[in-house]
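Asker: this one's sequence-less:
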């Protein structure tokens, strides 16, 4: 296995804090209204309209798109994640997710270009396993919780019974095409109906 890269001097954070920052409302000054062209200040923010049954979180570790600028800031995570604070509507539904997989990128010299991926998965009985190429070895949550995640996979504790249909857009039928005009080359025109 490859040695982990240098540690980042940035203070540790956690997934909940990263989500809070991602969904944080942002004030935009000088926004021009499309309708009246007046300039104003507005707030821009993100919310989740419909919680998925499966959730994947990507921890961005790229530093200015530099191949040797991987950020190895410690990002802590828990086995459960509550998405309720980030929902656009609060219906009282259980928006708790359970972690079932963590992918880790082991790099060489802080590089995002080289390295090796290792996966930690939780099986149906709740036991954790480390998958490293052809090796599968039992591990513990205490060990998994100490890794620096690249991808986190969660499943909804109370899954939706069925997939929610996507909104449909009514499409109007295209206008009827007029019949083709006769060509100027008689040999290309369809044969005329026989005379009676």
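Answerer: Noted; the coordinates are in hand. Predicted model only: the values in this text are computed from it and were never measured.
Asker: where do the strands sit along the chain?
Answerer: 13-14, 26-32, 39-44, 54-58, 75-76, 80-82, 96-106, 116-122, 128-132, 135-139, 151-156 (DSSP state E).
Asker: right, so of these, which gets closest to residue 145?
Answerer: strand 75-76 (7.5 Å; Cβ to Cβ). All C-beta atoms are positioned from the backbone trio N, CA, C, and that covers glycine.
Asker: Contacts only, for residue 81.
Answerer: 15-16, 55, 96-97, 99, 154 (Cβ atoms under 8 Å, 6 or more residues apart in numbering).
Asker: PyMOL command for the buried members of the residues you listed?
Answerer: Applying 16 or more other Cβ atoms under 10 Å to the contacts of residue 81, the buried members can be selected in PyMOL as follows:
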select buried, resi 15+55+97+99+154
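Asker: Of the contacts of residue 81, which is the nearest to residue 34?
Answerer: Closest approach to residue 34 among the contacts of residue 81 (Cβ to Cβ): residue 55, at 33.5 Å.
Asker: okay, the nearest residue to residue 153 once chain neighbours are set aside: pLDDT?
Answerer: Of all residues not flanking residue 153 in the chain, residue 101 sits nearest, at 3.8 Å (Cβ to Cβ, 6 or more residues apart in numbering). For residue 101, the model assigns a pLDDT of 97.
Asker: for the one 10 residues further on, same thing?
Answerer: If you check residue 111, the pLDDT there is 62.
Asker: Then residue 190?
Answerer: On the pLDDT scale, residue 190 gets 62.
Asker: hang on, the earlier thing: need the strands of the chain in JSON lines (columns: distance to residue 20).
Answerer: Converted to JSON lines, those look like this (distance: least, Cβ to Cβ, whole Å):
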{"stretch": "strand 13-14", "distance to residue 20": "10"}
{"stretch": "strand 26-32", "distance to residue 20": "13"}
{"stretch": "strand 39-44", "distance to residue 20": "16"}
{"stretch": "strand 54-58", "distance to residue 20": "13"}
{"stretch": "strand 75-76", "distance to residue 20": "13"}
{"stretch": "strand 80-82", "distance to residue 20": "12"}
{"stretch": "strand 96-106", "distance to residue 20": "16"}
{"stretch": "strand 116-122", "distance to residue 20": "25"}
{"stretch": "strand 128-132", "distance to residue 20": "27"}
{"stretch": "strand 135-139", "distance to residue 20": "29"}
{"stretch": "strand 151-156", "distance to residue 20": "16"}
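Asker: Compare the ones you listed and give me the one nearest residue 88.
Answerer: Among those, strand 39-44 sits nearest to residue 88 (Cβ to Cβ), with 14.1 Å.
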